[in-house]
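S.K.: starting from these lines, generate the structure:
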Amino acid sequence: MIFTKHSNAFRWVIVVASFAIVSLILWKTYEFFQHFKDEERTKMEVWSFAQTSLINSKTNSNLDLNLKILNSNTSTPVLEINVDGSIGSHLNINDENLTDEQYINKLVTQFKKENTPIEVRLDGKLNSTIYYGNSPLLNKLKYYPLALLLIVLLFGAVIFFFYSSNKNATQNKLWSGMAKETAHQIGTPLSSLIGWTEILKTENVDPDYIIEIEKDVDRLKTITERFSKIGSLPTLEKADIIQETINSYDYLKARSSSLIDFEIETPDGEIPVNLNKQLYSWTIENLVKNAIDAMKGRGKVTVKISQLEDNVKVSVSDTGKGISKKYFNKIFEPGYTTKKRGWGLGLSLTKRIIEDFHNGKIKVLQSEKDKGTTIQIHLKRAA
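M.R.: Numbering: from 1, shown residues only. So this is what the prediction gives:
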């Protein structure tokens with residue numbers, strides 16, 4: 001209970017603590033790198049001293065010790081350049097490349113960036129300069145913080161996607177439960193309406209009224225079926241997309257304001273598409289209703305169906321206020337709405353119906369401020 005109440009605060013504590021731990025690890029790694037680098041510097045100074053001692057030595061008293069120190073370096077690349085520019089000695093560098101002057105210059109530049117050169121002096125005069133680079137171990141250690149940071153980022157991404165997926169799954173389960181409960185609740189008054197319609201048929205009531213009531217009752221049946229399908233994988237069947245579009249179009253046209261001018265353009269013949277009729281009609285209704293809302297109840301709505309080879313396109317255009325290009329994708333996100341009322345689920349649901357259930361595509365084809373918007377659906381023609 002306490003965790004649920006303060007879950008957001010706990011998340012921030014975990015994030016801050018994780019950031020602090022990662023920062024501490026990176027800082028300690030940097031300190032270790034610098035300490036290791038200082039140790040290599042000390043070793044190279046001892047090596048250069050042994051080199052100078054060997055050159056200056058007139059006896060063999062310290063010869064073995066100097067040679068042992070010089071031969072102890074088995075990893076750090078070293079290049080000694082004499083005053084006249086010739087190569088004095090080298091360690092852990094490929095001999096074949098030492099004849100290439102360009103390679104030598106490049107190597108010297110690289111070593112100077114990695115470490116400060118050490119001067120070798122004889123009798124107070126500069127005899128040579130020792131350039132040395134980082135050992136392979138030091139180079140690996142240099143990239144360790146980046147590797148650690150990458151691992152932390154990947155781990156964070158996995159946690160984020162897990163949390164996001166879990167949250168979405170919970171929300172989907174909640175919405176599915178609410179939708180099914182809504183369908184269940186509608187069922188009771190719907191049954192009563194069907195009964196009252198049958199009673200009205202026996203009374204002296206204008207038959208046209210009965211027909212319109214029956215249409216709305218059928219409409220409620222369709223809505224109930226739609227809600228009951230949310231959260232379940234819908235069944236697709238081959239249907240004529242032209243006729244299914246016209247059915248939804250005619251229903252909305254008959255129940256919309258006379259200030260709205262409706263137009264539909266369809267090719268001749270039939271275009272078979274694998275559809276779930278209830279969900280597809282829901283899609284057309286959402287798009288047409290959004291178009292009407294964008295025009296504030298006055299303007300023209302055009303529905304156009306076209307076919308190019310196996311691709312079927314259904315476009316819904318309006319003469320409303322238009323959409324800025326930066327919102328072309330955002331309008332399909334759950335919760336996004338420009339209306340004072342509404343939950344912003346219409347276009348999000350439409351996108352899910354078309355892309356998840358029908359394997360199609362939906363997008364804002366074009367939009368211009370104060371001139372209107374066209375939203376287009378892409379579906380595959382059934383074989």
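S.K.: from here on, just use CA atoms for contacts and neighbour counts.
M.R.: Fine.
S.K.: check what pLDDT the residue most central in space within the chain gets.
M.R.: The residue lying closest to the centre of the chain (Cα atoms, centre = their mean) is residue 161, at 10.1 Å. pLDDT, residue 161: 78.
S.K.: would it count as being in a helix?
M.R.: Yes. Membership of residue 161 in a helix is supported by DSSP: H, G, I helix; E, B strand; the rest coil.
S.K.: residue 154 versus that one, what's the distance?
M.R.: Per Cα to Cα, to the nearest Å, residue 161 is found 10 Å from residue 154.
S.K.: just the helices in the stretch 201-350 of the chain please.
M.R.: For the stretch 201-350 of the chain, the helices defined by DSSP state H, counting those that start in this stretch cover 207-229, 241-254, 277-294, 346-351.
S.K.: buried sites along stretch 132-148?
M.R.: 132-135, 138, 141-142, 144-145 (16 or more other Cα atoms under 10 Å).
S.K.: the helices of the stretch 201-350 of the chain: which one's closest to residue 40?
M.R.: Among the helices of the stretch 201-350 of the chain, helix 346-351 comes nearest to residue 40, with 61.4 Å by Cα to Cα.
S.K.: for that closest one, name the packing helices and strands.
M.R.: helix 277-294 (3 or more Cα pairs under 8 Å, 6 or more residues apart in numbering; DSSP states H and E).
S.K.: and the closest residue to residue 368 other than its chain neighbours, what does it touch?
M.R.: The shortest distance from residue 368 to any non-neighbouring residue, by Cα to Cα, 6 or more residues apart in numbering, is to residue 322 (5.2 Å). For residue 322, the contact set (Cα atoms under 8 Å, 6 or more residues apart in numbering) comprises 294, 367-373.
S.K.: quick one: buried ones out of the residues you listed?
M.R.: Among the contacts of residue 322, the ones that count as buried by 16+ other Cα under 10 Å are 294, 367, 372-373.
S.K.: got TSV for these, with secondary structure too?
M.R.: Below are these laid out as TSV (three-state DSSP):
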residue	secondary structure
294	helix
367	strand
372	strand
373	strand
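S.K.: from those residues, which shows the smallest pLDDT?
M.R.: Comparing the buried ones among the contacts of residue 322 by pLDDT, residue 294 comes last, at 87.
S.K.: that residue touches residue 323, doesn't it?
M.R.: No. Using Cα atoms under 8 Å, residue 294 makes no contact with residue 323, being 9.5 Å away.
S.K.: wasn't residue 147 part of a helix?
M.R.: Yes. When three-state DSSP is applied, residue 147 is found to be in a helix.
S.K.: could you say what helices and strands the one helix or strand residue 19 maps to packs with?
M.R.: Element membership for residue 19, per DSSP states H and E: helix 7-56. Other helices and strands packing on helix 7-56, by 3+ Cα pairs under 8 Å, 6+ apart, are helix 63-71, strand 118-122, helix 136-202.
S.K.: ok, now how distant is residue 315 from residue 16?
M.R.: To residue 16, residue 315 is 49 Å away according to Cα to Cα.
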